[in-house]
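Enquirer: Quick one: sequence and predicted model below, then my questions.
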Amino acid sequence: MKKINLLLCLPLLGIILFSCQNPSPKEEPKNNDAMLYSTLYVQNAAEYRALCIQAYQIGQMRLDEKINNYVGDKKFAVVVDIDETVLDNSPHAARSIIENTNYPKYWDEWCSKAEALAIPGSAEFLNYAAEKGVETFYISNRKAHLTEVTLKNLQLRGFPFADQDHIMLRTDSRDKEIRRNMVRNDYDILLYFGDNLGDFLTEFDDQSTVTRNDLVNKLSSQFGDDFIMLPNPTYGAWMSAMTHGTDATAKIDSVYRTKLKNF
Ligand SMILES: [Mg+2]
């Protein structure tokens, strides 16, 4: 095709070459270098490990308090997200960086291996909760066809309640509130664990950075109380929030640069 254009009209060659060097703004540039440092942090920094352990140890203190102060007659539950809350998928991020690919490439393959390690402190905490009579519900936006391999992974890492009755993956909606309400029918949920604010409240979904931060300020007393936050610097709604409401044709990297707070 290029040869035909070259023969017919030389100026078109320049246009073709220009467009090869400058992909359409609508095309997401496949440059995963931005994930390099965050993935190295998750896989290497003792600080990351300490943050995760800290989160689950705070959870354990709160669990004891809530059980001791409980007034009611329902069974107890804790609700946990799965990815980057109880299972570490950083090897998938590593593959994405090395091969310059994006989700969902290799995601099903990675999940099917059922080899994800437990997030530090998570299995210990959930087994502690089980000893106290607290059931765990795994509410995740992994797609439902991954249920079996996800349960296998959780079982291999020693998580309690890793069975069909305690796992709710995504079917039609990403909104987790519907699934949280299903748990609330029979249980009092004492604690929620997540790496994404939508793991706690639907109000955080599809919002701008400003709105999300304002809402965190408003709900600040709940963090470290019934909402226990895990760190995830690699991906999440915090990234899409930065481009919320911006021109869909804008280059993502250039939008991110505008979010830097300089002095
Ligand atoms: Mg998650």
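Expert: Good, I have the coordinates.

Enquirer: Spell out which residues of the stretch 151-263 of the chain are next to the ion.
Expert: Residues of the stretch 151-263 of the chain lying near the ion by Cβ under 5 Å from the ion: D195. In short, each C-beta sits where N, CA and C put it, glycine included.

Enquirer: Which parts of the stretch 151-263 of the chain are helices?
Expert: 177-184, 209-218, 237-242, 252-258 (DSSP state H, counting those that start in this stretch).

Enquirer: so which of those comes closest to A50?
Expert: helix 237-242 (20.9 Å; Cβ to Cβ).

Enquirer: got the residues of the stretch 1-150 of the chain near the ion?
Expert: So far as Cβ under 5 Å from the ion goes, the stretch 1-150 of the chain lies against the ion at 81, 83-84.

Enquirer: Could I get the contacting residues of the residue of the stretch 151-263 of the chain at minimum distance from the ion?
Expert: Of all residues in the stretch 151-263 of the chain, the one sitting closest to the ion is D195 (4.4 Å; Cβ to the ion). Shown in contact with D195 (Cβ atoms under 8 Å, 6 or more residues apart in numbering): 81, 83-85, 229-232, 236.

Enquirer: Inside strands: which ones of these?
Expert: Those of the contacts of D195 mapping onto strands are M229, per DSSP state E.

Enquirer: Relative to A55, which of the contacts of D195 is nearest.
Expert: Nearest to A55 among the contacts of D195 is L230, at 5.3 Å by Cβ to Cβ.

Enquirer: F193 is in contact with the closest one, correct?
Expert: Yes: proximity of L230 to F193 meets the contact threshold set by Cβ atoms under 8 Å, at 6.6 Å.

Enquirer: got any residues that touch both of those two?
Expert: Counting by Cβ under 8 Å, 6+ apart, the contacts common to L230 and F193 are 55, 85.

Enquirer: can I assume F223 is in contact with V216?
Expert: Yes: if you go by Cβ under 8 Å, F223 and V216 touch, sitting 7.3 Å apart.

Enquirer: Can you work out which residues contact both of these two?
Expert: Joint contacts of F223 and V216 (Cβ under 8 Å, 6+ apart) do not exist.

Enquirer: Would you indicate which residues of the lengthiest strand in the chain are buried?
Expert: Across the chain, the longest stretch assigned as strand under DSSP E is strand 134-143. Buried residues in strand 134-143, counted by 16 or more other Cβ atoms under 10 Å: 134-142.

Enquirer: Just give the strands next to it in its sheet, each with its orientation.
Expert: Partners of strand 134-143 in the sheet, by DSSP bridges, are strand 75-80 (parallel), strand 167-170 (parallel).
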